[in-house]
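Novice: Below: sequence and its predicted model.
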Amino acid sequence: MHALALDPRNRGLVLASRLGLLGGGIFLWWLCTTLEWLPPFFFGNPVEVAGRIVGWFASGEIFIHLYTTLLETIIAFLIGTALGLGIGLWLALSPFLAEVVDPFLKAFNSMPRLIFAPIFAMWFGLGIWSKVALGVTLVFFVVFFNVFQGVREVSPVVLANTRMLGANARQLMRHVYLPSAMSWVFSSLHNAVGIAFVGSVVGEYLGSEKGMGYMILLAEGVFDIDSVIAGILLLTVFALLLDTAVSVIEERLMRWQPDGNQTVESAA
Amino acid sequence: MSLPMRRTAEHREPASRPVRQAIGFEQVTCTFAGKTAGKKGGGQTYTAIRDVTLAINEGEFVSIIGPTGCGKSTLLNVTAGLMRPSSGRVTIFGQELPQGALNRDASYLFQVDALMPWKNAEDNVAAGLIFNGTPKAEALEVARDWLVRVGLHGHGHKYPHQMSGGMRKRAGLAQALALDPRILLMDEPFSALDIQTRQLMENELLQIWATDRKSVMFVTHDLEEAIALSDRVVVLSAGPATHPIAEFEIDLERPREVAEIRMTQRFLQLHAAIWDVLRGEVLKSYARTRS
């Protein structure tokens, strides 16, 4: 009976529990800050936070900031993904080149790339392009390494079979390497969405005149903790929305995959 | 595809028609660099096959049998052009394969599933034709035909992971045959199937083969399967440095029913004769893997 009650496949129950957890958390937060067990000056208050969000949308002042941040994020995401995919495929198929640039890639990947933000601000100005550049450097590596790995993991039998069927180099790329790498790309895209947001917001935080990062910076300047939390919550919601969009596209393109993202190479 | 049905009962080619050689091996040796190779020249090498001389004629179904790990797949890979012999010559219809080129006359059915998992059965079967320049609609037409012939009618839109092992093998067979190759290379294609499915597939393979008699190089470790299917069985020695040690003509009548033919007197005689040769090699191979 217990097993039935706590069945993880029971969608309704799971959803209800999630909402309960969310509501409970917010209620606890509200209780602590209202009764001043926690100082509201540092921890904000859910009612105030909700008020800020509603106010922003009512006055419309949020739209230009939200638009800017989303635009930067999406452009960085697209450029970073395209570069990662292209260069990943190229290097994976040219072992010599891959061997040559390997230490440089490792160096670039392990360096704290957020530190480029001021340099990009000098190069590209305070507009959206310095943030896009930062986002691209972050997204690129996530996608690149996954594509690189994905191409390396192409089943040698599928490859040999497709060659025996008469595929030339271009057809191998289109019919074997690309689809095989795509499953790896999609698992990296979920990370890449979050990371593209990091690039935009940190870039804005360090120097800009609009965007969510800029709003949060302004609010922090006047110790308006409620606005800071409201901004963070809004960013989270939009990151989740973008992530869902990736999932929807993944679902459509990866229909050939068995459920559970397992590899499909099992024998009979 | 439009070849007329040739002899079914008698086994040998009529003397008036010269027998053409489809696959010819002359003193073929394949040596692989071992893992320690390249260090001070003292690297270990592994010779998979040594001095193999072998011929498969046009329209002939030849099984190659030997203990596990004896380099049977190497023979197929060399014939397919996926691998270069270290020395010796491989000829396909009298022509040596150009350097680095694959054998365009051959289709290869691999031991494990080799379908593209991101294409459904139809697209997988049509892929080879499309690669070779057939318009897509026409290729799909041919693919559907072949799916019907291998018993996959109505399963064309399934992806490989939605099919059973037997269905994937059928799709693989259709994929290989859709290109209408002159040579069919098969690497233990049915070894992963359960015994009933396997016999069904063997019968179907024989039926399809009987319509146009491609040259088949069928590698297996299953002696009964080899005898039931083939015109000739070649026994390989235990690895390393594998080479053919005996050949047996299988003079059983065609068409054959693989489950029934196993009960006949002649089958049992052939089985005993071949096993006599094979047993020694199997024991050698067993002793080597144990030590």
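Specialist: Nice, thanks for sending it over.

Novice: show me what contacts A:V147?
Specialist: When contacts are counted by C-beta atoms under 8 Å, 6 or more residues apart in numbering or on different chains, A:V147 is found next to A:G84, A:L85, A:G88, A:L89, A:A92, A:A181, A:W184, A:V185, A:S188. C-beta coordinates here come from the backbone N, C-alpha and C atoms, glycine included.

Novice: Test for you: state the pLDDT assigned to the residue in the stretch 101-250 of chain B that chain A sits nearest to.
Specialist: Of all residues in the stretch 101-250 of chain B, B:G165 sits closest to chain A, at 2.0 Å by C-beta to the nearest C-beta. pLDDT, B:G165: 86.

Novice: Wait, it touches B:S191, no?
Specialist: No - taking contacts as C-beta atoms under 8 Å, B:G165 lies outside contact range of B:S191: 10.6 Å.

Novice: what does the stretch 51-200 of chain B put close to chain A?
Specialist: Neighbours of chain A within the stretch 51-200 of chain B, by C-beta under 8 Å from any C-beta of the partner chain: B:80, B:82, B:102, B:104, B:106-108, B:110, B:112-120, B:127-128, B:131-132, B:159-161, B:164-166, B:168-169, B:175, B:179, B:192-193.

Novice: Report the buried members of these.
Specialist: Buried by 16 or more other C-beta atoms under 10 Å in any protein chain shown: B:80, B:82, B:102, B:106-108, B:110, B:112-120, B:127-128, B:131, B:159-161, B:165-166, B:168-169, B:175, B:179, B:192-193, out of those.

Novice: Remind me which helix or strand the nearest residue to A:F144 once chain neighbours are set aside belongs to.
Specialist: Closest residue to A:F144 apart from its sequence neighbours, by C-beta to C-beta, 6 or more residues apart in numbering or on different chains: A:G84 at 4.0 Å. Counting by DSSP states H and E, the element that carries A:G84 is helix A:62-93.

Novice: Report the next helix or strand after that helix in sequence order.
Specialist: Next along the chain after helix A:62-93, taking DSSP H and E as the criterion, comes helix A:95-110.

Novice: I'd like the mean pLDDT over that next one, please.
Specialist: On average, helix A:95-110 scores 89.

Novice: what's the helix ranked longest in chain B packed up against?
Specialist: Ranked by number of residues, the top helix in chain B under DSSP state H is helix B:265-290. Judged by 3 or more C-beta pairs under 8 Å, 6 or more residues apart in numbering or on different chains; DSSP states H and E, helix B:265-290 is in contact with helix B:223-229, strand B:232-236, strand B:244-249.

Novice: Tell me which residues of it come out buried.
Specialist: For helix B:265-290, a neighbour-count test (16+ other C-beta under 10 Å) marks B:F267, B:L270, B:H271, B:I274, B:V277, B:L278, B:E281, B:V282, B:S285 as buried.

Novice: Mind putting those residues into CSV with pLDDT?
Specialist: Shown next, in CSV, are the buried residues of helix B:265-290 (pLDDT from 0 to 100):
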residue, pLDDT
B:F267, 91
B:L270, 92
B:H271, 93
B:I274, 92
B:V277, 90
B:L278, 89
B:E281, 87
B:V282, 86
B:S285, 83
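
Novice: quick one: which of those is nearest chain A?
Specialist: Taking C-beta to the nearest C-beta as the measure, chain A lies nearest B:S285 of the buried residues of helix B:265-290, at 22.7 Å.

Novice: my guess is the closest one meets B:A238, correct?
Specialist: Yes - between B:S285 and B:A238 a contact is recorded at 3.9 Å, counting by C-beta under 8 Å.

Novice: Which stretches in the stretch 51-200 of chain B count as helices?
Specialist: B:72-80, B:121-131, B:136-149, B:165-178, B:195-212 (DSSP state H, counting those that start in this stretch).

Novice: Does the fourth one pack against any helices or strands, and if so which?
Specialist: Same thing as helix B:165-178. If you count contacts as 3+ C-beta pairs under 8 Å, 6+ apart, helix B:165-178 packs onto strand B:106-109, helix B:121-131, helix B:136-149, helix B:195-212.

Novice: just how off-centre is the first one within its chain?
Specialist: Taking C-alpha atoms, centre = their mean, to the nearest Å, one finds strand B:106-109 lying 8 Å from the centre of the chain it belongs to.

Novice: Relative to chain B, how far out is the residue nearest to A:F144?
Specialist: From A:G84 across to chain B, the span is 20 Å (C-beta to the nearest C-beta, to the nearest Å).
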